[in-house]
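# following is a predicted model, sequence given first.
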Amino acid sequence: MAKVCPYCRSTVLRTDRGLQDLGKVADLANTPSLIAVGDQGTLSNRPFEVLGRVQLDYGAGPWDEYYVAFDYGQAWGWLAFAQGHWYVTNKVEGLGIPPLNALSIEMDVPLGQAGTFRVAEIKSAHVASAEGELPGAITVGAPRYYADCYGQNNGFATLDYGDNSGAYEVFIGWVFAETQMQVTQLGERTQQKVKLDQIKCPNCGGDIPSLSGERAERVGCPYCGAVSDIAAQQVIAQQQAAMQMPEIPIGSHGTFEGLEYICIAYMRRSTDFDGETFSWEEYCLWSQSVGYRWLVKDETSWMWVVDANLAELDLGGMPQQVGWGGRYFTLRNQNYARLDYVLGELFWKAQLGETSQVMDFVNGTDVLSREVIEGGEVKWTYSTQVPWAVLAQSFGLPVDGPGGRFQGASGGAMIAAGGGGNTGCSSTLVLVFIVSIILIICMLGACGSCAGGGGGGYSSGSSYRGGSGVYYGGK
């Protein structure tokens, strides 16, 4: 057992031969977190106490892993929040695993009675700092090679190869919803970690509403366009300030599939194909009940996007076909996607210009997407079409607003929100529309001098898109 002194930052290792001073550790980086050393709580009604924390960094900035005692010291494990998900794992002894150089993403690894897990990420990091009580010696700067894997029923495992000298450890657990954990904040928190309602832009000083608490890593300022690391309060990129409102305003609250979401971010991404650039828009939504979801708007439709468990996919037909949920999806396209623009809060350390390899597999209008991120990581998502009228009703937006205009009847006012069959409402709208056209024709005929006058159908004052800057807050 090791302990980091909170005053001098020295690490002391306790062995059967006494105490050993391992030297000092660096100061902890201010990272986003919802728990702290000293906190107590329950996870699925199982009591725990947070004993220690290790900060690791693979080059893009540190993240935290917390050492916890379960059942009043009867068992021990690790908690972590990363990439928008919560994880809990326990060390499992006696399992054989492949050597690190034999691993590849999407490879199946049997882990005894826990079942087979599929590799989603292969990376290396180094120990940046630590605090509290930990199960063994911590050496700052020491490398850590690891592979993260997913299993059936939200299973999760980490294959920890240490410094890749031959020894390894296996940790097995699961991904859980934040609502399964209740925390009593007893541990000391720095001033920076107090939950704030505002994020101050380090570039222009503007106050940006904090929409997802201490869960975000990066923020795109709606006033000056700067992209900043929230914890470090450092600008990492400059981009053009927002010229128009996203069609679902950042800060909007909406209810979808029975859950309340808040729109926390807007992104533009693009790809190059045959000498042309094609772009699309992505909206990040957050709900405490289920975490993060996405809405994607391309040229013809809106798509509702959720994570697909890598372990549940049938990859036997790759790269031409993928099976999932008893259905098979056929390859439609593959290319590289680039992040061009961002506003609001993102839960990963996003970089403008970052690219990932993307493959889309289709079954009707449904899409399975595979995204391989530079550095050895793969993610799968499942997308279904959703009419703009449903989204407009969910977020309290105009049904005939900009989100629905490009879709025609498939996404506009002629479809009852929710897909219902309220034909009386549709007939009334049609009748009102016809009467309006007749009145306009009559007025034009009565006043010929108006025929060549005013501008288009939407003036700068009435256009829903209009305005300069991004609207934060509410409906």
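The structure has been received and is ready for your questions.
# how far out from the middle of the chain is stretch 395-402?
25 Å (CA atoms, centre = their mean, to the nearest Å).
# go ahead and confirm Phe361 touches Ser369.
Yes - with contact defined as CB atoms under 8 Å, Phe361 counts as touching Ser369 (7.5 Å). For every residue, glycine as well, the C-beta is placed using N, CA and C.
# the two - which one has more neighbours?
Higher neighbour count among Phe361 and Ser369: Phe361, with 26 against 21, using other CB atoms under 10 Å.
# and the one helix or strand that one maps to, what's buried?
Element membership of Phe361 [criterion: DSSP states H and E] is strand 355-363. Buried residues in strand 355-363, counted by 16 or more other CB atoms under 10 Å: 356, 358-361, 363.
# and which of the residues you listed is nearest Glu106?
Nearest to Glu106, judged by CB to CB, of these is Met359 at 11.9 Å.
# show me what the helix or strand harbouring Phe48 is packed against.
Using DSSP H and E, Phe48 sits in strand 46-57. On a contact count with 3 or more CB pairs under 8 Å, 6 or more residues apart in numbering; DSSP states H and E, strand 46-57 meets strand 40-43, strand 62-70, strand 116-134.
# take it, keep the C-alpha atoms, and write them as PDB.
The C-alpha trace of strand 46-57 is given here as PDB (Å, rounded to 0.1, in the frame of the first residue of the first chain):
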ATOM      1  CA  ARG A  46     -23.200  -1.000  -2.900                       C
ATOM      2  CA  PRO A  47     -21.400   1.400  -0.500                       C
ATOM      3  CA  PHE A  48     -17.900   2.700  -1.400                       C
ATOM      4  CA  GLU A  49     -15.300   5.300  -0.300                       C
ATOM      5  CA  VAL A  50     -12.800   7.000  -2.500                       C
ATOM      6  CA  LEU A  51      -9.300   6.400  -1.200                       C
ATOM      7  CA  GLY A  52      -7.000   7.600  -3.900                       C
ATOM      8  CA  ARG A  53      -6.600   9.000  -7.300                       C
ATOM      9  CA  VAL A  54      -4.100   8.500 -10.200                       C
ATOM     10  CA  GLN A  55      -3.700  11.000 -13.000                       C
ATOM     11  CA  LEU A  56      -2.600   9.600 -16.400                       C
ATOM     12  CA  ASP A  57      -1.800  11.300 -19.600                       C
END
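# would CSV of the buried residues of strand 355-363 with distance to Arg327 be doable?
Shown next, in CSV, are the buried residues of strand 355-363 (distance: CB to CB, whole Å):
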residue, distance to Arg327
Ser356, 25
Val358, 20
Met359, 17
Asp360, 15
Phe361, 10
Asn363, 5
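# reformat those as TSV; add pLDDT.
Shown next, in TSV, are those (pLDDT from 0 to 100):
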residue	pLDDT
Ser356	93
Val358	95
Met359	96
Asp360	96
Phe361	97
Asn363	97
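# contacting residues around Val386?
By CB atoms under 8 Å, 6 or more residues apart in numbering, Val386 lies in contact with 295, 302-304.
# now, among the buried residues of strand 355-363, which is nearest to Gly258?
Scanning the buried residues of strand 355-363 for proximity to Gly258, where the rule is CB to CB, the winner is Asn363, at 25.1 Å.
# skipping its backbone neighbours, what lies nearest that closest one in space?
Phe329 (4.6 Å; CB to CB, 6 or more residues apart in numbering).
# which secondary structure elements does whichever strand or helix holds that neighbour contact?
Element membership for Phe329, per DSSP H and E: strand 327-346. If you count contacts as 3+ CB pairs under 8 Å, 6+ apart, strand 327-346 packs onto strand 218-220, strand 259-273, strand 276-287, strand 321-324, strand 355-363, strand 366-373.
# how about the first one: buried residues?
It stands for strand 218-220. For strand 218-220, by 16+ other CB under 10 Å, it's 218-220.
# and the helix or strand just after it, what other elements does it pack with?
Under the assignment DSSP H and E, the closest C-terminal helix or strand after strand 218-220 is strand 227-229. Where contact means 3+ CB pairs under 8 Å, 6+ apart, strand 227-229 is packed against strand 218-220, strand 234-237.
# which other residues reach strand 227-229?
In contact with strand 227-229 (CB under 8 Å, 6+ apart) are residues 61, 201-203, 217-221, 234-239, 342, 349-350, 352.
# any weak-confidence spans in the stretch 1-150 of the chain?
For the stretch 1-150 of the chain, applying pLDDT under 70 flags the ranges 1-2, 5-26, 29, 32, 60-61.
# cool, and the stretch 151-300 of the chain?
190-197, 243-244.
# ok, 80 please
For the stretch 151-300 of the chain, the stretches with pLDDT under 80 are 189-198, 212-216, 231-232, 241-245, 289, 299-300.
# rewinding a little: wait, which of the helices and strands packed on strand 227-229 is closest to Leu397?
Once the helices and strands packed on strand 227-229 are compared by CB to CB, strand 218-220 is nearest, at 21.3 Å.
# can you list the domains in the protein?
Domain assignment of the chain by automatic domain parsing yields the ranges 2-191, 195-389.
# reformat these into TSV and put distance to Gly396 next to each item.
Compiled in TSV, those are given as follows (distance: least, CB to CB, whole Å):
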stretch	distance to Gly396
domain 2-191	25
domain 195-389	7
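# what's the closest of those domains to Phe395?
That would be domain 195-389 among the domains of the chain, by CB to CB, at 3.7 Å.
# ok now that closest one, how far from the chain's centre?
7 Å.
# average pLDDT for stretch 375-393?
For stretch 375-393, mean pLDDT rounds to 92.
# give the buried residues for that stretch.
Going by 16+ other CB under 10 Å, stretch 375-393 has these buried residues: 376-383, 386-393.
# okay, it in PDB with CA atoms only?
These are the backbone C-alpha positions of stretch 375-393, laid out as PDB (Å, rounded to 0.1, in the frame of the first residue of the first chain):
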ATOM      1  CA  GLY A 375      -3.900   6.600 -32.000                       C
ATOM      2  CA  GLY A 376      -5.600   3.200 -31.900                       C
ATOM      3  CA  GLU A 377      -9.300   3.600 -31.000                       C
ATOM      4  CA  VAL A 378     -12.600   2.500 -32.700                       C
ATOM      5  CA  LYS A 379     -16.200   3.600 -32.000                       C
ATOM      6  CA  TRP A 380     -19.500   2.300 -33.400                       C
ATOM      7  CA  THR A 381     -22.800   4.200 -33.500                       C
ATOM      8  CA  TYR A 382     -26.300   3.500 -34.700                       C
ATOM      9  CA  SER A 383     -28.400   6.200 -36.500                       C
ATOM     10  CA  THR A 384     -32.100   6.400 -37.300                       C
ATOM     11  CA  GLN A 385     -33.900   9.100 -39.200                       C
ATOM     12  CA  VAL A 386     -36.200  11.500 -37.200                       C
ATOM     13  CA  PRO A 387     -38.500  14.100 -38.800                       C
ATOM     14  CA  TRP A 388     -37.800  17.700 -38.000                       C
ATOM     15  CA  ALA A 389     -41.300  18.100 -36.800                       C
ATOM     16  CA  VAL A 390     -40.600  15.700 -33.900                       C
ATOM     17  CA  LEU A 391     -37.400  17.600 -33.000                       C
ATOM     18  CA  ALA A 392     -39.100  20.900 -33.300                       C
ATOM     19  CA  GLN A 393     -41.900  19.800 -30.900                       C
END
